[in-house]
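> return a 3D structure for these sequence lines:
(chains A and B)
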Amino acid sequence: MMPKRHKRSLAFIVARQVALATTLVCAVVFSMIYFILAQQSLQSLQETIDTDLAGLIDIYASKGPDGLAYAIQGRLDMASTQNESPLYLLLNSEGHKRVGNIPLWPMLDAAHSETGKITDKSYGRATLLRGGYRLFVGRYAIMRDATLRKMRYIFLLAFILMAFAAYVIGLLSAKRLHLRMLKINSVFSELGESTLQHRSLPPGEGDEIDDLSDNVAITLNRVARLLTAQREVSDHLAHETRTPLVGLEQSLMQALERSTDHQVIHNLEKGKHQVQDILRLMDALLDIASAEAQHGDLRSLKDINISLIARSIVELYAASAEEAELLLSHDIDDDVFMRADPMQISRMIVNLFDNAFKHSEEGKQLHFSLKRGPIIIIQDDGRGIIDSEKSNIFNRYVRLADNATKGHGLGLALVRAIAERHGLYVRVEDTFPDRAQKGARFIITVRPKV
Amino acid sequence: MSLPRILLIEDDPVGAGIVTRVLAAQNFDVRWCADGAQGLTEAGISAFDLIVLDRMLPSLDGLTLMARLRAAGVATPILMLSALSRSENRVDGLEGGADDYLGKPFDDNELIARVRALLRRATNKVHSAVLLYADIEMHVKSRTVHRAGKHLPLSPKEFEILKLLMEHAGETVTRTMLLEKIWHLNFDPQTNVIDVNLSRLRIRLEEGFNHSILETVRGAGFRLMSRNHSDKS
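Okay, here's the model as predicted:
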């Protein structure tokens, strides 16, 4: 079997989730770092302004307005003209500018007095000095903004790189894991009843996957050994019990050849048929046991076209239907494929037909259909099966109470065993629940998932 | 022409006695080996036309023996005989290299029919394009059948059945052979489907003709047999 491509492969789900988690964590961490840095740079700007202001107040206290104007002018002359260039304005008590590099007293917004924000690009503090002088000290924050912007770009780039790397690494390791699992799974699903060889498993890497595959291999080996043992025992039992019966049958035949007495011939014939009955019964029981032992085990089965099998069997029964004056119709989809044992599927359909013919006395029609799925239906319009018998009709030895048909009552039990061997499920219902003659409809479908 | 030589490998003396008696009555030269290993040696030493092999042998089981024979290049047709007669046992045997598989107990006619079919297959491998028997003429390629010059309209399956009967004309073709060759079923349905199908074919073959040609062999099967043609070639 080709390994299936899983829509929900665990490995790929893990890869996606790792990539997603990495992306989220990176986003959160980077934002936090960014805001802390922004906060700190603002704080240091404010401290610079505060220190500057405190220094100028001291100068004013010791040297008076002229000394202060002189100091401010000195600082303005020294300061670089760009980036964090300082802003000063000293007004006298009449509100006239003594010194400074801004033309007007800035509009100080009460809402921003805590941060000292003046405009988008500048921060500052003002104070009223003794003697009515007003002093404003501020800084342009151009450099801080540029640094923060650079940081944003670096973080965004790092973020994209990390998410991409996480996705690629996750994908690669998921792919590797996926391929390993595929290899191991394909080895297990290809296995028939033959004993698993350890060397047939892909080379391991000594991790927990190897432990798992080893354990599965051990279990499968045990199952294979049990199946072989079960088969050997049943084969031997069959052989040892059948051989004397075969001898008995031969002796009866020889006696029959020599006998001329009608009563003796009658009894010998009866004995011969009984022996043959026992042999058939044993085979039927073994067939059921064998199919049950392989319950749901599709390994070692090939994909086969069951439409061809169904057509051939319908054709085989067409003449019987005509003879029984039954109208046999069919509706068979082309090319319905399933993993199956062709002989068992034939047996299952043949047994359903045999059953339908055995109970056909009062019916007029027999319809067979095979649809993709597969869904196999065979329905008649005969007497039908009473509700209390519907549930146990597939049990061994059950024959319809009101029916005197011959047989061991194992035909439908084998139908069920074969259906279940193939992961299918068989049930019976009324064809026509509203009529007096309800008919029987046997349906075989894929077992509904519980 | 020398008698066909058959090697019988069977540990059970009663079973071996029956097979020998049935086959010897058909003018076959039967050599019996009760032991698997001895049988293997025997098959290697001299040429046989057919090997009848029991599956469950005490020293060397039939499937292994068959594998060794095939590995040694012995291509002699093998008819496997076994009390393990269920469908899946047959599949094992046929996949293991047997040319045919017969479950015990078997009908004498069944054994004879299968032995003859295998011998015929071994000696007569060329399939002719036209099969003739009595006044029946079958063109295999164009899939047409005429009886005494009159075209017989047959369904594809009826054609296959008649072809099998014509290939074994004069000999019995058993119900199980028909099930296996025509419908690919290696188990017996519980209803008389084969008889019903054959009686339909009989109507097609005989309606409007005076001579019956398709015989039912009681307890065994069917054969084409013409009264004017009863000496088979």
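
> got the domain boundaries for the chain?
Since you didn't name a chain, this refers to chain A. With automatic domain parsing as the criterion, the domains of chain A are listed as A:10-147, A:208-293, A:302-446.

> nope, chain B
According to automatic domain parsing, the ranges for chain B are B:5-123, B:130-229.

> most tightly surrounded among those?
domain B:5-123 (a mean of 19; mean count of other CB atoms under 10 Å in any protein chain shown). Any C-beta I mention is one placed from the backbone N, CA and C, and that applies to glycine too.

> so who does A:Tyr153 touch?
Listed by CB atoms under 8 Å, 6 or more residues apart in numbering or on different chains, A:Tyr153 has no contact partners.

> what pLDDT is listed against it?
Note on A:Tyr153: pLDDT of 91.

> re earlier: can I get the domains of chain B in TSV including distance to A:Ser259 and mean pLDDT?
Shown next, in TSV, are the domains of chain B (distance: least, CB to CB, whole Å; pLDDT from 0 to 100):
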stretch	distance to A:Ser259	mean pLDDT
domain B:5-123	17	89
domain B:130-229	16	89
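
> need these in JSON lines (columns: distance to A:Ala229).
Output for the domains of chain B, formatted as JSON lines (distance: least, CB to CB, whole Å):
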{"stretch": "domain B:5-123", "distance to A:Ala229": "16"}
{"stretch": "domain B:130-229", "distance to A:Ala229": "25"}
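
> make a markdown table out of those domains and add distance to chain A.
Putting the domains of chain B into a markdown table (distance: least, CB to the nearest CB, whole Å) gives the following:
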| stretch | distance to chain A |
| --- | --- |
| domain B:5-123 | 4 |
| domain B:130-229 | 4 |
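
> which helices and strands does the lengthiest helix in chain B pack with?
Across chain B, the longest stretch assigned as helix under DSSP state H is helix B:108-123. Using 3 or more CB pairs under 8 Å, 6 or more residues apart in numbering or on different chains; DSSP states H and E, the elements in contact with helix B:108-123 are helix B:13-24, strand B:50-54, strand B:78-82, strand B:100-103, strand B:173-174, helix B:175-183, strand B:221-224.

> give the next helix or strand downstream of it.
Downstream of helix B:108-123, the next assigned helix or strand under DSSP states H and E is strand B:130-133.

> strand partners of that following strand, parallel vs antiparallel please.
According to DSSP bridges, strand B:130-133 forms sheet pairs with strand B:136-139 (antiparallel).

> please compute how far the strand it pairs with lies from its chain's middle.
How far strand B:136-139 lies from its chain's middle: 22 Å, per CA atoms, centre = their mean, to the nearest Å.

> need the CA coordinates for that strand. PDB is fine.
The C-alpha coordinates for strand B:136-139 follow below in PDB (Å, rounded to 0.1, in the frame of the first residue of the first chain):
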ATOM      1  CA  ILE B 136     -19.900 -28.800 -33.200                       C
ATOM      2  CA  GLU B 137     -17.400 -26.200 -34.500                       C
ATOM      3  CA  MET B 138     -16.000 -23.500 -32.300                       C
ATOM      4  CA  HIS B 139     -14.000 -20.500 -33.500                       C
END
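
> next SSE after it?
By DSSP H and E, the next helix or strand past strand B:136-139 is strand B:144-147.

> partners of that next one in the sheet?
strand B:136-139 (antiparallel), strand B:150-152 (antiparallel).
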